[in-house]
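> Provided below are the primary sequence and the corresponding predicted coordinates.
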Amino acid sequence: MRKQVPLVGRRLYDTNDVIVEEGEVGNSFYLIESGTVEVFKNKGRAEIIIGYIKKDGIFGEMALVDGDRRSASVRAIEPTVCRVFSARIFSIPPRAQR
């Protein structure tokens with residue numbers, strides 16, 4: 001019997017937890033219920049901060065829309081709670097490693 005994976009989950013991230021990493025395959029997107037995250041890219045040994053996302057903001061959706069790998073990393077800068085939505089909620093099959 002195949003185990004059902006929930007379409008929507010809820011996760012708590014501590015300060016400095018990396019939620020998604022640039023270059024990884026994206027099979028979900030996130031809605032921030034509370035807290036703040038920073039979006040950044042790695043350039044050699046440096047990190048370039050692209051911006052911040054707060055409560056009610058979303059991230060991670062572009063990897064689902066364009067089918068590419070994650071274009072940036074996202075890190076919690078304070079305790080953050082997110083709803084995590086599987087790509088399957090839109091009937092998009094999970095992406096395999098490319």
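Arrived safely, thanks for sending.
> For this structure, just list every one of the strands.
With DSSP state E as the criterion, the chain has strands at 8-13, 18-20, 28-34, 37-43, 46-53, 58-59, 73-76, 80-86.
> any idea which of the ones you listed is most buried?
strand 73-76 (a mean of 21; mean count of other Cβ atoms under 10 Å). From N, CA and C alone the C-beta is placed, and that goes for glycine too.
> Only C-alpha atoms, please: export it in PDB.
What follows is strand 73-76, C-alpha atoms only, in PDB (Å, rounded to 0.1, in the frame of the first residue of the first chain):
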ATOM      1  CA  SER A  73      18.400  30.300  -1.400                       C
ATOM      2  CA  VAL A  74      16.000  31.300   1.400                       C
ATOM      3  CA  ARG A  75      16.900  31.500   5.100                       C
ATOM      4  CA  ALA A  76      14.800  32.300   8.200                       C
END
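> Name the surrounding residues that touch that strand.
The contact list for strand 73-76 (Cβ atoms under 8 Å, 6 or more residues apart in numbering) reads 13-22, 30, 35-42, 53, 59-60.
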